[in-house]
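Novice: how would this look folded up:
(one chain, ligands or ions: 2)
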Amino acid sequence: MRTRSTPLPGTQLLEVVANDEIARGVHALVLRRPDAAGSAPDPGTFLDLLPVLPAARGGAPVLRRPISIADSSADGRDLTVILRIVGEGTRALCELPVGTTVDSLGLLGHGFDPDAVAPGGRALLIGGGVGVPPLHLLARRLVERDVTVQLRLGFRDADDVFWADRFAELGQVLISTDDGSAGSRGTVADLESVPGAAEFSPDAVYACGPLPMLRYVQRAFGPQMPTQLSLEERMACGVGACYACVVTDAADPGHQHRICYDGPVFDAQEVVL
Ligand SMILES: Cc1cc2nc3c(=O)[nH]c(=O)nc-3n(C[C@H](O)[C@H](O)[C@H](O)COP(=O)(O)OP(=O)(O)OC[C@H]3O[C@@H](n4cnc5c(N)ncnc54)[C@H](O)[C@@H]3O)c2cc1C
Ligand code: FES
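Specialist: Ligands and ions are numbered 1, 2, ... in the order given. The predicted structure follows:
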């Protein structure tokens with residue numbers, strides 16, 4: 001069963017208590033909920049954050065932007081998100097000074113199910129680009145359940161790599177970069193042949209990243225073992241109302257899943273990518 005965190009009530013103003021650039025154009029923000037202890041988030045669930053452009057760039061709010069939870073305090077009050085600047089929305093969020101607030105909707109979505117691997121088992125986590133952050137919280141939850149984790153993480157180049165040390169505290173980390181400036185040259189698919197990968201025989205696979213990467217994971221692992229994919233589609237409402245973010249059901253081509261509401265995590269055999 002995929003998981004859904006107890007939702008936060010509607011929108012909230014979250015206080016920015018830390019904002020650090022952790023790689024080129026990539027920021028880690030710690031966002032504090034105003035209420036006292038809540039429930040810890042499930043891995044793979046996300047916040048829908050409302051960026052407000054600075055006055056020099058129009059001063060207006062733009063559509064909310066979905067951003068995964070990368071880490072959490074034990075009580076779920078402090079949530080860490082990792083943002084890559086790709087456009088105006090993520091730029092405005094990454095420019096938020098410590099001490100200011102951001103309007104947030106969520107937690108939203110069905111997350112990964114760590115129970116797909118029994119204690120003592122092995123899980124393979126595959127991520128690329130902005131699909132890497134939610135795998136950190138997932139790896140933590142798996143390790144807490146005594147699951148051995150291997151992470152295969154893909155980045156553009158060495159300057160793009162973040163949290164390699166924090167991931168290494170949770171399991172074996174294999175890194176690929178497009179230009180080979182860190183780890184192996186190529187994509188996460190090319191990591192299959194590096195030392196440590198072939199010997200690792202997982203009980204389940206979890207993945208988050210760009211569509212070509214998810215298609216590779218679906219093809220390579222989906223038919224053989226439990227495989228969960230998080231789809232990072234562009235979203236509008238974020239709550240299942242507008243059907244802007246759909247994916248076709250594998251068994252019933254007439255049925256469309258809403259990625260924001262029914263996902264973003266789906267079983268690999270459940271969807272057509
Ligand atoms: C469930 C979910 C979780 C996400 N988690 C994270 C996260 O943890 N960290 C993070 O940095 N980003 C994450 N994203 C992606 C993030 O939401 C987008 O990068 C962001 O909305 C872009 O907004 P923008 O205004 O900066 O860029 P825009 O101006 O809207 O777009 C800039 C460029 O990025 C492309 N783009 C925008 N959204 C996406 C997308 N979803 N997938 C691929 N390309 C896109 C556009 O096509 C365009 O080329 C997540 C997306 C989803 C759906
Ligand atoms: S973004 Fe509106 S239904 Fe998903």
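Novice: how about the residues of the protein by ligand 1?
Specialist: Within the chain, the positions adjacent to ligand 1 are 46, 65-68, 81-84, 86-90, 130, 133, 232-235, 264 by Cβ under 6 Å from any ligand atom. Every residue, glycine included, has its C-beta placed from N, CA and C.
Novice: how does it look with 5 Å?
Specialist: 46, 65-68, 83-84, 86-90, 130, 133, 232, 234, 264 (Cβ under 5 Å from any ligand atom).
Novice: so the closest residue to residue 94 other than its chain neighbours, which state does it fall into?
Specialist: Distances taken as Cβ to Cβ, 6 or more residues apart in numbering put residue 27 closest to residue 94, at 4.2 Å, once the chain neighbours are dropped. Secondary structure, DSSP: H, G, I helix; E, B strand; the rest coil: residue 27 is strand.
Novice: and what of residue 107?
Specialist: Look at residue 107: counting by three-state DSSP, its state is strand.
Novice: gap between it and residue 11?
Specialist: Remark: distance between residue 107 and residue 11 (Cβ to Cβ, to the nearest Å) = 12 Å.
Novice: have a look at those two and say which one is more surrounded.
Specialist: residue 107 (23 against 13; other Cβ atoms under 10 Å).
Novice: so which residues on this protein come close to ligand 2?
Specialist: Checking the chain against ligand 2 by Cβ under 5 Å from any ligand atom, the hits are 235-237, 240, 242, 244-245, 258, 260.
Novice: give me that answer again for 6 Å
Specialist: 235-238, 240-245, 258-260.
Novice: out of the residues you listed, the closest to ligand 1 would be?
Specialist: Taking Cβ to the nearest ligand atom as the measure, ligand 1 lies nearest residue 235 of these, at 5.2 Å.
Novice: that closest one: neighbour count?
Specialist: Residues near residue 235, counting by other Cβ under 10 Å, number 23.
Novice: likewise for the one 5 residues further on?
Specialist: Using other Cβ under 10 Å, residue 240 has 15 neighbouring residues.
Novice: verify the stated contact: it with residue 259.
Specialist: No - counting by Cβ atoms under 8 Å, residue 240 sits too far from residue 259 to count as a contact (9.4 Å).
Novice: the nearest residue to residue 183 once chain neighbours are set aside: which element?
Specialist: What sits nearest to residue 183 in space, not counting adjacent residues and going by Cβ to Cβ, 6+ apart, is residue 175, at 3.1 Å. Per DSSP states H and E: residue 175 is located in strand 172-177.
Novice: who does the helix or strand that that strand is followed by pair up with?
Specialist: Moving toward the C-terminus from strand 172-177, the next helix or strand (DSSP H and E) is strand 184-185. When pairing is defined by DSSP bridges, strand 184-185 lines up against strand 172-177 (parallel).
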